[in-house]
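Asker: Structure of the sequence below:
(one chain, ligands or ions: 1)
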Amino acid sequence: MESKIIAALDVPTAADAAQAVREIGDAVSFYKVGLELFLAAGPQVLEMLRGEGKKIFLDLKFHDIPRTVAHAVRSVLAYGPDLLTIHASGSTAMVKAAAEAVQEAGAQTKILAVTVLTSLDQGDMTLLGVTRSVEEQVLALAQMAVGAGAAGLVCSPLEAGKLRAALGPAPLLVTPGVRPAGAGVGDQKRVMTPAEAIRAGASYLVIGRPILGAPDRRAAAQAIHEEMAAIGV
Ligand code: C5P
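Answerer: Okay, here's the model as predicted:
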């Protein structure tokens, strides 16, 4: 079965990234590269991952006018990311422009939309002039983004069940905020175990510190696979 774990390569340099990937070995085949690493190490970190036969989730969360986003998407397609994030709050035309840029290039990259950042609460919604609850806003943006051509969403595991029920089986739901049974939660406030997140409808789990911060990173990743295999997910 294809692994559902994406390890967040939240490290500051290309050398740290290469070392983490070497240490983890075949226990992880999919990595998320975010702004910190991409801006420090540049595209060469993606080439390193490709060279190691790994899949890439490029988490740059584009948010700009549609034309600029389409051009940015076109630029990063050269690195062959499997998943690429944009902000749903850029609205329909921006999501559409990103999805069309992928289609026009004949690329396999899947666009994931971020709805409401999990760092935002109801007070932020009010400040931003959003009268819906956070939950309603997540659902509304999710439906809009998928309707506009996003292949899936980044969402909290606590939102996965509702989104899966509302959107059906097709969209990918990629969930951070996952903690293996017994692991520290760090600054994540609302977490689920890997098994709970998959049961709730998640397609992939983004896991950072429980793997990268472990004394034996490879063993930590393997233990998460085993925790999931034990309950058949
Ligand atoms: O270390 P941890 O497992 O919390 O890492 C989760 C990863 O997912 C980090 O790269 C973090 O930036 C990202 N993320 C998140 N919550 C979101 C969106 C992204 O934790 N809502």
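Asker: next SSE after the helix or strand encompassing Leu84?
Answerer: According to DSSP states H and E, Leu84 maps onto strand 83-87. Using DSSP H and E, the helix or strand that follows strand 83-87 towards the C-terminus is helix 91-105.
Asker: how big is the angle separating that following helix from strand 83-87?
Answerer: Put simply, helix 91-105 runs at 150 degrees to strand 83-87, going by axes from the mean of the first three to the mean of the last three C-alpha atoms, to 10 degrees.
Asker: for the record, mean pLDDT for helix 91-105?
Answerer: Helix 91-105 shows a mean pLDDT of 98.
Asker: Are we agreed that Ile56 is in a strand?
Answerer: Yes. According to DSSP: H, G, I helix; E, B strand; the rest coil, Ile56 belongs to a strand.
Asker: How about the residue in the chain that the ligand sits nearest to, nearest residue that isn't a chain neighbour?
Answerer: Residue nearest to the ligand within the chain (C-beta to the nearest ligand atom): Gly208, separated by 2.5 Å. From N, CA and C alone the C-beta is placed, and that goes for glycine too. Distances taken as C-beta to C-beta, 6 or more residues apart in numbering place Ala8 nearest to Gly208, at 3.4 Å, with adjacent residues excluded.
Asker: so that neighbour bridges to which residues?
Answerer: Lys32 (DSSP bridges).
Asker: Please apply the same query to Ile111.
Answerer: The partner residues for Ile111, given DSSP bridges, come to Leu84.
Asker: shouldn't it be in contact with Gln103?
Answerer: No. Judged on C-beta atoms under 8 Å, Ile111 makes no contact with Gln103 at a distance of 9.9 Å.
Asker: Those two: who's more crowded?
Answerer: Neighbours were counted for Ile111 and for Gln103 using other C-beta atoms under 10 Å; Ile111 has more, 26 against 12.
Asker: Quick check, pLDDT for that one.
Answerer: For Ile111, the pLDDT comes out at 99.
Asker: returning to that earlier point: what is the neighbour count of the residue nearest to Gly208?
Answerer: Per other C-beta under 10 Å, the neighbour tally for Ala8 reads 20.
Asker: shouldn't it be in contact with Pro210?
Answerer: No. With contacts counted by C-beta under 8 Å, Ala8 stays clear of Pro210, the gap being 9.8 Å.
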